[in-house]
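A.B. asks: Sequence and predicted model, in that order:
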Amino acid sequence: MPHELISFSSPAELAGEVARRWRDRIHTAALAGTSHRVALSGGRIAVDLFQAAAALETPGATSPDWDRVEFFWGDERCVPPDDPDSNFHAVSRTLLGPLGISDSRIHRIAGELDPIEAARRASETLRSLAPVGSDGVPVLDLVLLGMGEDGHIASLFPGAGPAVEGAREPFIAVIGPKPPPQRVTLTYPTLAAAREVWVLVSGSGKENALHNSMANGGLTPLGRLLRLRDAVVFSSVNWVG
């Protein structure tokens, strides 16, 4: 199970280093004349990351490298885009807005719609903009994930059952244990197919879930994803306070 575990002394150090590594990936894609397709996450450490990434740019002179980025989301709560609970809203105010990202590059999950319809549209959009593997699964260049105290990733929670664990569509509608319960999430096959996955784990109370996930046969959603990522390197960038 190939993976890399990197520890940092603080959330700020984690956010800064991941922002620089992500910026390098974006620059490499721009030099090659290709798109960089990324799925973003929610959560406090993700907000720190987005602010750190925006801070790497000179105010009023954002690098054209960002014009090569196609922005997707790993999951979304079923709320309007201006709702404080919206993952899109958090990214918009900390990264997309400050960098002046074109709307044509922003592919948010329409949380204000019926969840099943929102998942259908998100799946259709991802398939139209990302290369598709021989198994029909779209391939993202990078997925940024957080992890909850129960080991959940995106909106894939423990005990979700075979309908979620066996889903093949890129996005599906799910019911989560925390409010707001209705959500849309990337599925395991699409997460497993991504070229890189970085998991940012920050805050006390997550040590047990992280250790369980990385153990052979780990039972958490993160553990399940680790087992699915065969020869593709899983980069796990973590800080546990």
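C.D. replies: Alright, I've got the coordinates. Residues are numbered from 1 along each chain as shown.

A.B. asks: Okay, the residue in the chain sticking out farthest from the centre and L99: tell me how far apart.
C.D. replies: Relative to the C-alpha centroid of the chain, counting by C-alpha atoms, centre = their mean, G60 is the outermost residue, at 27.1 Å. Using C-beta to C-beta, to the nearest Å, we find G60 at a distance of 11 Å from L99. In this view, the C-beta of every residue, glycine as well, is placed from N, C-alpha and C.

A.B. asks: Same check on P80?
C.D. replies: With C-beta to C-beta as the criterion, P80 and L99 are 23 Å apart.

A.B. asks: do the same with V91
C.D. replies: Counting by C-beta to C-beta, the gap from V91 to L99 is 11 Å.

A.B. asks: Looking at those two, which is more packed in?
C.D. replies: Taking neighbours as other C-beta atoms under 10 Å, V91 and L99 compare with V91 leading, 23 against 17.

A.B. asks: right, and that one touches G74 too?
C.D. replies: No. Contact between V91 and G74 fails when scored by C-beta atoms under 8 Å: they sit 11.1 Å apart.

A.B. asks: Please enumerate the shared neighbours of these two.
C.D. replies: Taking C-beta atoms under 8 Å, 6 or more residues apart in numbering as the contact criterion, the residues that touch both V91 and G74 are L40.

A.B. asks: need the helices for this structure, in chain order.
C.D. replies: Taking DSSP state H to define them, one finds helices in the chain at 11-32, 44-55, 87-91, 97-99, 115-129, 162-165, 188-193, 207-214, 221-228.

A.B. asks: Could you point out which of the ones you listed sits nearest P180?
C.D. replies: helix 115-129 (10.6 Å; C-beta to C-beta).

A.B. asks: in the closest one, what's buried?
C.D. replies: Buried residues in helix 115-129, defined by neighbour count with 16 or more other C-beta atoms under 10 Å: P115, A118, A119, R120, R121, A122, S123, T125, L126.

A.B. asks: Out of these, which comes closest to T28?
C.D. replies: The shortest gap between T28 and any of the buried residues of helix 115-129 belongs to L126, at 21.6 Å (C-beta to C-beta).

A.B. asks: and the gap between that closest one and V139?
C.D. replies: Summarising the geometry, the distance separating L126 from V139, computed by C-beta to C-beta, is 10 Å.
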